[in-house]
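1. Here you go, sequence then predicted model.
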Amino acid sequence: MKKKYLTTPIYYVNGKPHLGHAYTTILCDAFKRFYKLFGYQAIMITGVDEHGQKVYEAAAEKKMDTQAYCDSLIPDFTGLFEKCDVDYDMFFRTTDTSHKIKVQAILQKLYDKGDIFKDDYEGNYCTPCETFFTEKDLNDGRCPECGRGTTLIKEQNYFFDMAKYAGEYEKFLSERDDFIYPRFRKNEVLGILKKGLRPLCISRKKEKMPWGIELPFDKDFVTYVWFDALTNYINGIGYMEDEEKFASYWPTAVNMIGKDILLHHCIYWPTMLMAMGNPLPKEILIHGWWMGEGGKKMSKSLGNVIDPDEIIEKYGSSSFRFFVLRDMSLGHDGIFSMESFFKRHNVELANDFGNLLNRASHMIVKNFDGKVPAPVKKTEFCDAFVNDFVNVLSGIEPLIYEYELNKALDDIMKLIRGTNKYMEDCAPWKLIKNDRELCGSVLYNALEAVRITGLLLSPVIPKKFEEIKNIFKGSIEPELEFGKLVPGREINKAVPLFPKIETDPKKTGKSN
Ligand code: MSP
């Protein structure tokens, strides 16, 4: 069986998870489910990044032991992912002993090879980004990434010689157009390589920042948080533990990340892997950011922060997942507005998909004793509908492999709307009076479209898909091929799955 390994970034545990965390994790989960639908053995890991100054300071502020502080936040992350219907295979924690042992073994290997060396260091550290910058990198003395202040650090430190692998990596990139998605990001990475890579500082002096994995060759230092965190992707899939699993999954890996951590994943990570002698992941997928109303960065002070918990509580996980996967053009920034959320739900789920689910199943239950009629009568019109459906359907799987999620969802919605139009044009509610066979054939085609579009949407709305399965008495033919619905099998009437959200203030009784 073909394999696929998908990863999310591991999240800092310095506060409660937010929309950004929910989004990357849902995205990864949806792709895992698409791969499974297409016959892959697909697994995903997510987890938390527990070391580093940021977490250390957050715990200190709460006057808590750092480990106890991390432990206390884990349920917030696992709880949110559960609410988002994320089916991860492993929840990775960087404070696990086996990870720490592997990080130390990797460090020792690179040290022995001469890829890690000690030197004087002077640089500016941005704690929120956990990243070192030179004076030249800064914008008016502030972090070029997040715009916040940095701290000058002067200490002896250990460095990883990234430049040693820059040439090999540049050559690799020149031969692999599909390594980084979206493709335009590759130029950004080449631009960084062209400027030349400086050695990467990979340690922190323990007496200043003790919260990290001790360097195996110098106990006065702990490992820089990114050097530790990035290795979760290989450590979570059996590196140095289950070599067979590692060898079969790692080369299929897709590291999914947000655009703010491109440098770490597209420069640090590939050069680290090359130094270790490991293959690179198959692809790195970089998504954009969710912005608040008006296209502004979400922030508490602007009052435009979207709380995923609250939306799921009110409108359900499927509508939330549908919106974030459908509305954001993958790779670009998107604006999270409640108005667009309501529109997507009401037009596409409640109206288009909801109507399709109801009509076909209700007529079959009422007029055919709840048994799927056989498509015995064919008209040119029905053939044309099936042909068009099959044409659009055949393009969806390739779109997913290309990460064209929006186009794939556009096409799924096209199938749904096309079937609704077919029903309206054929009017089976009239046909039942004078051409029962043709009516049965039209309803077969419509229910077959329900089955296939339901399967295609299952990675996006997994919870609602379980309810869609009830129409098929709990078991649905799994083939993504038109005509596999078995005639004669019994079905149930659909219950309303996507009630319309009332947004008219006069009807909801709310003042705005
Ligand atoms: N710990 C590092 C990742 C280490 S991976 C080896 C980290 N953690 S994070 O918690 O700060 O962020 C994790 C992810 O959330 C990033 O991919 C980031 O892009 C994403 N998001 C944070 N805010 C976001 C939005 N507003 N919108 C979409 N995603 C954003 O970085």
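-> Arrived safely, thanks for sending.
2. check which helix or strand covers Lys219.
-> strand 218-223 (DSSP states H and E).
3. let me redo that: Ser319
-> In the assignment (DSSP H and E), Ser319 maps to helix 317-327.
4. what do you get for Trp226?
-> helix 225-230.
5. Looking at the protein, which residue is nearest the ligand?
-> Closest approach between the chain and the ligand, counting by Cβ to the nearest ligand atom: Gly258, at 1.7 Å. Bear in mind the C-beta positions are built from the backbone N, C-alpha and C, glycine included.
6. and the residue nearest to that residue when sequence neighbours are not counted, how many neighbours does it have?
-> What sits nearest to Gly258 in space, not counting adjacent residues and going by Cβ to Cβ, 6 or more residues apart in numbering, is His287, at 5.8 Å. The burial count assigned to His287 is 24, neighbours taken as other Cβ atoms under 10 Å.
7. thinking again about what came up before, which other helices and strands contact the strand holding Lys219?
-> For strand 218-223, the elements it packs on are strand 151-160, strand 203-205, strand 214-215, judged by 3 or more Cβ pairs under 8 Å, 6 or more residues apart in numbering; DSSP states H and E.
8. Now do that strand against strand 151-160, angle only.
-> Taking axes from the mean of the first three to the mean of the last three Cα atoms, to 10 degrees, one finds strand 218-223 and strand 151-160 inclined to each other by 110 degrees.
9. Who does strand 218-223 pair with, and is each partner parallel or antiparallel?
-> With DSSP bridges as the test, strand 218-223 is paired with strand 203-205 (antiparallel), strand 214-215 (antiparallel).
10. Can you add distance to Met272 and give the ones you listed back as TSV?
-> Shown next, in TSV, are the strands paired with strand 218-223 (distance: least, Cβ to Cβ, whole Å):
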stretch	distance to Met272
strand 203-205	14
strand 214-215	15
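11. If you average pLDDT over each of those strands, which is lowest?
-> The weakest mean pLDDT among those belongs to strand 203-205, with a mean of 94.
12. Return the distance of that strand from the chain's centre.
-> Computed by Cα atoms, centre = their mean, to the nearest Å, the separation of strand 203-205 from the middle of its chain amounts to 32 Å.
13. So which residues make contact with it?
-> 53, 155-158, 212, 215, 218, 220-224 (Cβ atoms under 8 Å, 6 or more residues apart in numbering).
14. Recalculate using a threshold of 7 Å.
-> The contact list for strand 203-205 (Cβ atoms under 7 Å, 6 or more residues apart in numbering) reads Glu155, Asn157, Tyr158, Gly212, Leu215, Asp220, Phe221, Val222, Thr223, Tyr224.
15. Show the buried residues in those residues.
-> Buried members of those, scored by 16 or more other Cβ atoms under 10 Å, are Asn157, Tyr158, Gly212, Leu215, Phe221, Val222, Thr223, Tyr224.
16. residue contacts, Met291?
-> By Cβ under 7 Å, 6+ apart, Met291 lies in contact with Lys297, Met298, Asp333, Ile335.
17. is it true that Glu397 touches Leu37?
-> No: using Cβ atoms under 7 Å, Glu397 is not in contact with Leu37; the gap is 8.7 Å.
18. In the stretch 151-300 of the chain, mark out all the helices, start to finish.
-> With helices called from DSSP state H, counting those that start in this stretch, the stretch 151-300 of the chain shows them at 166-175, 185-195, 225-230, 232-235, 243-249, 262-263, 269-276.
19. out of those, nearest to Asn351?
-> Checking the helices of the stretch 151-300 of the chain against Asn351 by Cβ to Cβ gives helix 185-195 as the closest, at 36.4 Å.
20. Any buried residues in the closest one, and which?
-> For helix 185-195, by 16+ other Cβ under 10 Å, it's Arg185, Lys186, Val189, Leu190, Leu193.
21. Skipping adjacent residues, who's closest to the fourth one in space?
-> Leaving out its chain neighbours, the residue that sits closest to Leu190 by Cβ to Cβ, 6+ apart is Leu173, at 6.4 Å.
22. ok, now the second one?
-> Of all residues not flanking Lys186 in the chain, Ile180 sits nearest, at 4.7 Å (Cβ to Cβ, 6+ apart).
23. who's that neighbour bridged to?
-> Under the criterion used (DSSP bridges), Ile180 bridges to Ile284.
24. And it, how close does it get to Tyr169?
-> Counting by Cβ to Cβ, to the nearest Å, the separation of Ile180 from Tyr169 is 12 Å.
25. Same question for Cys84.
-> 35 Å.
26. what do you get for Glu293?
-> 40 Å.
27. More neighbours: which of the two?
-> Tyr169 (21 against 16).
28. near the ligand, which residues of this structure show up?
-> The chain has residues 9-12, 19-21, 23-24, 49, 229-230, 232, 257-258, 260-261, 289-290, 298 near the ligand, with proximity defined as Cβ under 6 Å from any ligand atom.
29. one step back: what does the helix holding Trp226 rub up against?
-> 10, 49, 51-52, 94, 103, 130, 202, 212-213, 264, 268-269, 272.
30. pLDDT wise, what is Gly292 at?
-> Reported pLDDT for Gly292: 89.
31. From Ile286, how far off is it?
-> Relative to Ile286, Gly292 is positioned 21 Å away (Cβ to Cβ).
32. These two: which is more packed in?
-> Ile286 (24 against 18).
33. I figured that one was touching Lys259, is that so?
-> Yes: using Cβ under 7 Å, Ile286 makes contact with Lys259 at a distance of 5.4 Å.
34. OK, contacts around Lys469?
-> By Cβ under 7 Å, 6+ apart, Lys469 lies in contact with Ile476.
35. Am I right that it sits in a helix?
-> Yes: counting by DSSP: H, G, I helix; E, B strand; the rest coil, Lys469 is part of a helix.
36. ok, how many other residues are close to the residue of the chain closest to the ligand?
-> So Gly258, with other Cβ under 10 Å, has 18 neighbours.
37. Surely it and Trp290 touch.
-> No: in this structure, Gly258 is not within contact of Trp290 by Cβ under 7 Å, at 9.5 Å.
38. shared neighbours of the two, which are they?
-> The contact sets of Gly258 and Trp290 overlap at Gly20 (Cβ under 7 Å, 6+ apart).
39. Tell me the helices and strands packed up against the helix or strand Ala105 falls within.
-> If you go by DSSP H and E, Ala105 is part of helix 97-112. Using 3 or more Cβ pairs under 7 Å, 6 or more residues apart in numbering; DSSP states H and E, the elements in contact with helix 97-112 are helix 232-235, helix 269-276.
40. need the contact list for Ile412.
-> Counting by Cβ under 7 Å, 6+ apart, Ile412 makes contact with Ile396, Thr453, Leu456, Leu457.
41. what about stretch 49-61, distance to the chain center?
-> 25 Å.
42. what does it rub up against?
-> Stretch 49-61 has contacts (Cβ under 7 Å, 6+ apart) with 10-15, 65-66, 69-70, 93-95, 127-128, 130, 209, 211-213, 225, 228-229.
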